[in-house]
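Q: What follows is a predicted structure for the sequence shown.
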Amino acid sequence: MFKVENLKFSYGKKEILKGIDFEINSSDVISILGPNGCGKTTLLKLLLGFLKPSQGEVYFENQPIRKIKSKHFFQRVAYIPQIHDGSFGYLVKDVVLMGRMPYKSLFTNFNKQDKQIAQEALELLGIGHLKDEIYTTLSGGQRQLILIARAITQQADIFIMDEPVNGLDFGNQYKLLNQIKALSKQNITFIKTSHYPDHVFFVSNEAIFLNKGKILEKGDPNTIIREENIEKVYQLESKIECLHDRKICVAV
């Protein structure tokens with residue numbers, strides 16, 4: 001799906017990514033781990049084509065993304081940002097309906113089928129009761145779920161998510177992670193950043209440890225999320241234990 005070759009990026013003189021290489025396959029749930037400021041969000045923006053690399057290339061299905069038409073690309077790829085503060089008082093159902101925009105030409109109205117797809121996405125995430133609420137009056141966690149519903153409405157087969165559990169309460173975090181698991185079985189690929197090794201163990205089949213602008217290690221989370229890597233990346237002593245057939249990471 002995605003291939004990254006010798007990717008470098010700088011903000012002015014500050015080098016953020018220092019030459020990284022990796023591939024992402026269809027139906028992967030891949031989590032990018034690393035400390036604040038290591039380049040996780042920047043990497044997502046490069047994958048989306050929002051930023052241009054200083055050096056190297058990002059390929060989508062063997063084509064450089066800079067050569068792919070945005071409308072075609074965003075029929076396939078949905079982006080859920082980390083923080084979203086709406087400026088206008090749209091109704092929730094209208095925010096979710098915006099996921100159909102890559103399929104519309106200028107001045108084309110949404111039809112009955114578009115509205116049905118949007119309503120099904122809201123119901124899938126258990127937030128159908130919010131459809132007539134004003135988006136800007138809702139909590140951060142509710143807004144995050146609404147943006148995920150918008151991505152589902154887009155019917156993309158790749159979701160790029162920047163810290164998707166940001167602002168969600170404990171129950172909704174795992175509700176969302178379980179939804180990611182279920183959707184990945186329907187050939188949907190997830191690329192997400194995370195601050196939680198426990199979540200990566202729970203939902204991901206691949207992980208990338210990003211540290212100081214480089215990939216420390218990439219592979220199966222059960223292999224690469226080790227105590228020595230946690231200490232190297234976060235300067236934190238930890239213990240990785242098994243509990244109810246799941247791995248968890250505990251700070252010491």
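A: Nice, thanks for sending it over. Numbering: from 1, shown residues only.
Q: Now do the residue in the chain sticking out farthest from the centre against residue 99, distance only.
A: Here the centre of the chain is the reference, and by CA atoms, centre = their mean the most remote residue is residue 107, at 29.8 Å. Residue 107 sits 18 Å away from residue 99 when distances are taken as CB to CB, to the nearest Å. C-betas here are computed from N, CA, C, even on glycine.
Q: and if you look at residue 241?
A: On the measure of CB to CB, residue 241 and residue 99 end up 40 Å apart.
Q: Which of those two has more residues huddled nearby?
A: Counted by other CB atoms under 10 Å, residue 241 and residue 99 do not tie: residue 99 has more neighbours, with 23 against 10.
Q: The more buried one should be in a helix, yeah?
A: Yes. Secondary structure of residue 99 (DSSP: H, G, I helix; E, B strand; the rest coil): part of a helix.
Q: Tell me where the model's unsure across the stretch 51-200 of the chain.
A: For the stretch 51-200 of the chain, applying pLDDT under 70 flags the ranges 83-88.
Q: Could you rerun that using 90?
A: When residues are selected by pLDDT under 90, those of the stretch 51-200 of the chain lie in 70-72, 75, 80-89, 102-109, 124-126, 136, 138-148, 156, 164-176, 178-188.
Q: how about the strands in it?
A: 55-60, 63-64, 77-80, 158-161, 189-194 (DSSP state E, counting those that start in this stretch).
Q: Turn those strands into TSV, columns for mean neighbour count and distance to residue 204.
A: Output for those, formatted as TSV (neighbours: other CB atoms under 10 Å; distance: least, CB to CB, whole Å):
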stretch	mean neighbour count	distance to residue 204
strand 55-60	17	21
strand 63-64	12	26
strand 77-80	23	16
strand 158-161	23	12
strand 189-194	23	8
